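A.B. asks: heads up, no residue letters with this:
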Ligand SMILES: Cc1ncc(C[n+]2csc(CCOP(=O)(O)OP(=O)(O)O)c2C)c(N)n1
Ligand SMILES: Cc1ncc(C[n+]2csc(CCOP(=O)(O)OP(=O)(O)O)c2C)c(N)n1
Ligand SMILES: [Mg+2]
Ligand SMILES: [Mg+2]
């Protein structure tokens, strides 16, 4: 039925970061902050994989290894008041925003950690106050695009100079919500930036079975929005493309769709043997690991001292070990707590007085009849 | 919020049919068959409007006046085995396909007329055997695009040389189903032809509030499909554009999206006062009434004898009067029939014998436990 | 006090809340210049402007998701469905985003989903449905169904001020067929308190929404026949006023449940189950239900009337129970 | 006979029907080369080819609508939902196209919608839901929920051969945690016939789907305590085997209803309502229900276990009823 995936033709992406350090205006601290977040996420996820295999954590485990440049690069561009939403593979973006690894680990262990109190997977997080991470419904793919349009609408109604940045996957471009959300955002020229990480698969499905277009950006004309397609494993290529999209949206010109080609280095989840992943494809992308590329660039081009990086690596390793200890030391949520916090208190919640007199007769009941619809006395009915 | 509709700029569509009769290969009979269907629908709908105002028919009434060229033009291209679906404004397409006006009228009166037996509005019809009109769910806009993809899929699986033609409105291009249906159809290169009648409004909403693009055809790149935009009130322009789309689809090249600019001459429904319709817009389109244009062309360019047309007009008028008499003479469905035909009989419907021995013990019940998910004994669980 | 229709009561509640609270906005199809398919928001665009009266493309899932999001950052959106039937297109966002957000993250989502439900106007299978059971079965949603103009206003104001997602279901037959005296000033009808439409001691008829009117009419006929009937109007299904309905049943020992939605697995089953568990000792007769037949809502009036609950059907069941 | 898992039973039913009937095709996400998220269609692509094992983009509403249409022109599609939670995205096509087509036009639509339901594997709020009540409330749909490997096979074959839309709900915990002897040859389990999992005279426990296993376990404990318990497994909710469940209750005079979906307005309410109306005379005790708590399904195991029904919860309710 579907055209079978053509003999894969690999793009000609370089395996080195291109940017000239002198042309970039980053302090070493800024450069290392990005490296630390990427590195920490990588080590954290390697640990998660091990814990999963050991049966030490619950449920399924989904990892974002390979998405560190797209995640951190985009997160690094967020400004005060901006909000964003992440999908399954943006852990490094959380860390860049200051999310504590021990808190994430505690969630993976199902412990009593705010804000989810053990109700949601460690994979998901919503905390607008502390990190600008907006809630959405993490079940159905693309459900976050209408939500993103709603946050962007809120900014526009409040005349705030902010944007909403929504990470999304290639598979998540197929549901109707992707279309309805971007369509609404474009009609109202809302500051929504969709970052689409095309990591070669949606579970086991390759892009050519997912979409009739070569690039997700080819969808842009349907929405009349700004779009770009770029290499997602070169941190600075990501930053430049994302910046153009963000400036477009922040400038009041409507949504932007920035597509990054990258690779999901692990299975869809840790249970997935990836038998469907062509070896040459894997080889191509593993030679372009975003962290390795960045690390090489830092040492060889930006002349960052190796020792400094080694220390960051050590710190990351220790942080992850500490996170596991913290998680294990934390209590589980109390079973009784399961029914708490379902409804928020409201000003007019029922009080006993409300029941004092509930007799309110209906004098003239209205009863449908065969001819009801013909009664035009009170104007059109619809 | 939404950009307010700009001072309307009118297209430069001519108010005369352009085609040269000598260049067309129609017999007079074929030309008149098209005229008859258009004319009959017009008279029929004028009658419906009157019956509505007199409170003689039930519920709301939606009319397709102005859509006769798009409806009949496209219907005239259907071949044996092709299927199609209509929306609210394609009555003339039904008549062209041979649907009996008295049966349609009987449905509007809620009488016991097959196939709906009074269960569905006169507005809708599904009868594949007799007319090639496919069923879909007539509630939610665009629900028929996934259905259309399914019929096209059936043709492809059976290797039939047929196409599915789905009429749709401009507003119905916004729901996710429009996107999901066309996306699926394009990935599988299915013979689906979507005829989009842009009649300037979706209920009261103009296209510029409905979509961020100028033309519905601008959406085509998102699906990588064939698309055209054409004037929908010139019968032969419609036929030529639709023919190109149909040939594209029938040729195994995947879906086509053919957009026609036309005008909804009445309100969304007969209850609608149309206060929102700019006078100049109405004037422009009424000067381009598809039936008037075609009639003039028949007389002045195709040299069809006026008397012949006058007779067709009379016949149409008489058919409509007869349809009303037929409808009024028909009985209502019996109230008891309301619970009939909900489920189709199936080969294994329960028989008394099935209940003879229903004791089937479970020897080793499977009980979830805290640690269940960690049991990897039998391979990954998901 | 003014004598206004059920529809006007909904408009006035919306208008007053929008005047009072700048964070309230309305969003939906054709609600702006056109004033909505049923004209509930007539004049709102002129008064509140396009930033608070937001016309949308036909994209229920899209604008529901957007409204939910805006509700988590301080807005109080009121979403209009042109017909409630189309809420099926947005079900995922409602049951998975709106219903679960506060439970998962402690982030409030004050959003109201409102639209016309019900039949009796010969609108056919796609413009007559009553989906309340889907939502009453979804933890995290409040479900409100006013049966009078006064409640329509008081409950809508309460719904807009509620800090949770509220499904506010209007009965479209009542829009222009029911009118009564309604206070001009703002007032609140708390969500979760039932009303007694008649008081009686022989039989409890428990209902909600448009069907309450059939029950009141039936109660009158039965009074004339010498029976004393209590009609309990639940007004909301979540939260549910269990006390009120159980108290009534414990008093009368006979329960009849009536709703317009089709019978099987309708919300009436939940009420019957509660009674069968918590008022069992008090029952002198089986718990009965009158509801629409289990078929789509047919267009043709004789079929539609046969399908919908009616005063006669209620009377037949009530007489059985009273004679039991 | 072969000793196979619940999951293998589903695969074998699908495979046999596809071998027998060329009009059967399967459609869903990752069902081809990958064999499906749970590997139910492993090897199907190789055997039946891409024209009968159709991988789709992530578009539940789109491929459901397409499958429904194909079913009206002679095909018998089986639609896989990767997790049943995502059926919410396709609800409109299912309740408005599939459920109503035959009633409106007399055009048959033999289509099966199948997918994994239920919790107990710590998959969180979006991979653990039980939506059967939505569909049981929708006229025109059959709703089937096998609890054993044998039924999984027999009911799936019956569902595929049925001429109506069938919602076939699998319990994902049972996939690999339950195995039993299942006939190799084709056989049918008719839709609409309940099964007795234990036979008893003191108490009827009525259940369906995965929860039946909890009931059987509880029944055993109660037997040891000297009580004689009958476990009625409905196997399908629409059509519902009313006779079987009422017969059991009339015999035992005590009814406990158990399901995994959350309590309020769950299908258990319908069962309780039927009993309260049609077996009222026979009841010696209130009708009780044990079901999940009315909250989303939480991820953390202690919370999930507290939320879900359990053998202990069933025992507690059963003992109350037996002592009544
Ligand atoms: C509506 C819906 N259908 C199916 C799924 C099951 N599912 C979860 S993730 C996934 C693949 C997503 O692929 P993509 O968007 O490319 O993200 P990636 O996993 O590659 O990061 C699928 C099919 C879902 N979550 N939602
Ligand atoms: C999902 C959905 N939302 C809302 C409606 C209500 N509705 C019925 S027709 C209509 C306008 C349709 O406009 P268009 O597609 O342009 O068709 P036209 O009426 O102009 O022929 C609307 C909003 C609907 N039927 N379905
Ligand atoms: Mg992907
Ligand atoms: Mg239109």
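C.D. replies: In hand now; what should we look at? All values derive from a computational prediction rather than experimental measurement. Ligands and ions are numbered 1, 2, ... in the order given.
A.B. asks: now do stretch C:290-297: distance to the chain's middle.
C.D. replies: Mean-position distance between stretch C:290-297 and its chain equals 17 Å (Cα atoms, centre = their mean, to the nearest Å).
A.B. asks: mind jotting down where the helices sit in the stretch 1-150 of chain A?
C.D. replies: Taking DSSP state H, counting those that start in this stretch, the helices of the stretch 1-150 of chain A run over residues A:28-53, A:68-75, A:91-96, A:101-108, A:128-131, A:144-157.
A.B. asks: mean pLDDT, distance to ligand 2 and mean neighbour count added to these, as a markdown table?
C.D. replies: For every residue, glycine as well, the C-beta is placed using N, CA and C. Listed next are these as a markdown table, based on pLDDT from 0 to 100; distance: least, Cβ to the nearest ligand atom, whole Å; neighbours: other Cβ atoms under 10 Å in any protein chain shown:
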| stretch | mean pLDDT | distance to ligand 2 | mean neighbour count |
| --- | --- | --- | --- |
| helix A:28-53 | 98 | 41 | 20 |
| helix A:68-75 | 98 | 34 | 30 |
| helix A:91-96 | 98 | 35 | 28 |
| helix A:101-108 | 98 | 37 | 23 |
| helix A:128-131 | 98 | 31 | 14 |
| helix A:144-157 | 98 | 14 | 30 |
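A.B. asks: what's the closest of these to residue A:337?
C.D. replies: Closest approach to residue A:337 among these is made by helix A:101-108 (15.2 Å; Cβ to Cβ).
A.B. asks: sorry, back to before: closest to residue D:260 out of the helices of the stretch 1-150 of chain A?
C.D. replies: Closest among these, using Cβ to Cβ: helix A:101-108, at 24.9 Å.
A.B. asks: name the helices or strands packed onto that closest one?
C.D. replies: helix A:28-53, helix A:91-96, helix A:306-329 (3 or more Cβ pairs under 8 Å, 6 or more residues apart in numbering or on different chains; DSSP states H and E).
A.B. asks: next, format these as JSON lines and append distance to residue B:297.
C.D. replies: Listed next are the helices and strands packed on helix A:101-108 as JSON lines, based on distance: least, Cβ to Cβ, whole Å:
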{"stretch": "helix A:28-53", "distance to residue B:297": "69"}
{"stretch": "helix A:91-96", "distance to residue B:297": "63"}
{"stretch": "helix A:306-329", "distance to residue B:297": "78"}
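A.B. asks: kindly reformat those helices as a markdown table containing distance to chain D.
C.D. replies: Output for the helices and strands packed on helix A:101-108, formatted as a markdown table (distance: least, Cβ to the nearest Cβ, whole Å):
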| stretch | distance to chain D |
| --- | --- |
| helix A:28-53 | 12 |
| helix A:91-96 | 17 |
| helix A:306-329 | 12 |
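A.B. asks: mind putting the helices of the stretch 1-150 of chain A into a markdown table with distance to residue C:43?
C.D. replies: Listed next are those as a markdown table, based on distance: least, Cβ to Cβ, whole Å:
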| stretch | distance to residue C:43 |
| --- | --- |
| helix A:28-53 | 53 |
| helix A:68-75 | 44 |
| helix A:91-96 | 46 |
| helix A:101-108 | 49 |
| helix A:128-131 | 35 |
| helix A:144-157 | 21 |
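A.B. asks: picking that back up, of all the helices and strands packed on helix A:101-108, which one is nearest ligand 4?
C.D. replies: helix A:91-96 (42.2 Å; Cβ to the ion).
A.B. asks: quick one: list the elements packing against the closest one.
C.D. replies: Right, helix A:91-96 is packed against helix A:28-53, helix A:68-75, helix A:101-108 by 3+ Cβ pairs under 8 Å, 6+ apart.
A.B. asks: for residue A:182, find the nearest of these.
C.D. replies: Going by Cβ to Cβ, the one of these nearest residue A:182 is helix A:68-75, 17.5 Å.
A.B. asks: re earlier: any chance of the helices of the stretch 1-150 of chain A in CSV with distance to ligand 3 as columns?
C.D. replies: CSV is the format used below for the helices of the stretch 1-150 of chain A (distance: least, Cβ to the ion, whole Å):
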stretch, distance to ligand 3
helix A:28-53, 16
helix A:68-75, 12
helix A:91-96, 16
helix A:101-108, 22
helix A:128-131, 24
helix A:144-157, 15
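A.B. asks: show me where pLDDT drops low in chain A?
C.D. replies: A:1-7, A:370-382 (pLDDT under 70).
A.B. asks: run through the residues that contact the spatially most central residue of it.
C.D. replies: Per Cα atoms, centre = their mean, the C-alpha nearest to the average position across chain A is that of residue A:86, at 1.5 Å. Listed by Cβ atoms under 8 Å, 6 or more residues apart in numbering or on different chains, the contact set of residue A:86 reads A:71, A:93-94, A:125, A:133, A:167.
A.B. asks: can you pull out the strands in the stretch 151-300 of chain C?
C.D. replies: C:166-171, C:179-182, C:195-198, C:203-207, C:229-233, C:236-238, C:255-262, C:288-292 (DSSP state E, counting those that start in this stretch).
A.B. asks: neighbouring strands of the first one in the sheet, and parallel or not?
C.D. replies: Sheet pairing for strand C:166-171, assigned by DSSP bridges, gives strand C:112-117 (parallel), strand C:142-144 (parallel).
A.B. asks: among those strands, which is nearest ligand 4?
C.D. replies: The nearest among the strands paired with strand C:166-171, by Cβ to the ion, is strand C:112-117 at 21.3 Å.
A.B. asks: quick one: is the helix or strand following that closest one near chain A?
C.D. replies: Counting by DSSP states H and E, the next helix or strand C-terminal to strand C:112-117 is helix C:132-136. No. Helix C:132-136 is not in contact with chain A by Cβ under 8 Å from any Cβ of the partner chain; minimum separation 14.0 Å.
A.B. asks: and for the residue nearest to residue A:132 when sequence neighbours are not counted, the neighbour number?
C.D. replies: Distances taken as Cβ to Cβ, 6 or more residues apart in numbering or on different chains put residue A:83 closest to residue A:132, at 5.1 Å, once the chain neighbours are dropped. Residue A:83 has 24 neighbours, counted by other Cβ atoms under 10 Å in any protein chain shown.
A.B. asks: check residue A:98 too.
C.D. replies: The burial count for residue A:98: 10, using other Cβ under 10 Å.
A.B. asks: could you do residue A:203 as well?
C.D. replies: By other Cβ under 10 Å, neighbour count at residue A:203 equals 19.
A.B. asks: in the stretch 1-150 of chain C, what residue is nearest ligand 3?
C.D. replies: The stretch 1-150 of chain C approaches ligand 3 most closely through residue C:92 (20.3 Å), counting by Cβ to the ion.
A.B. asks: report the secondary structure state of that residue.
C.D. replies: Here residue C:92 is recorded as helix under DSSP: H, G, I helix; E, B strand; the rest coil.
A.B. asks: check contacts around it.
C.D. replies: A:137, A:139-140, A:143, A:177, C:61, D:86, D:88-89, D:91 are the contacts of residue C:92 under Cβ under 8 Å, 6+ apart.
A.B. asks: doesn't residue A:195 belong to a strand?
C.D. replies: Yes. Assessed with three-state DSSP, residue A:195 lies in a strand.
A.B. asks: that one bridge partners, please.
C.D. replies: residue A:167, residue A:258.
A.B. asks: contacts only, for it.
C.D. replies: Shown here is residue A:195, whose contacts under the criterion Cβ under 8 Å, 6+ apart are A:70, A:74, A:165-168, A:242, A:245, A:258, A:260.
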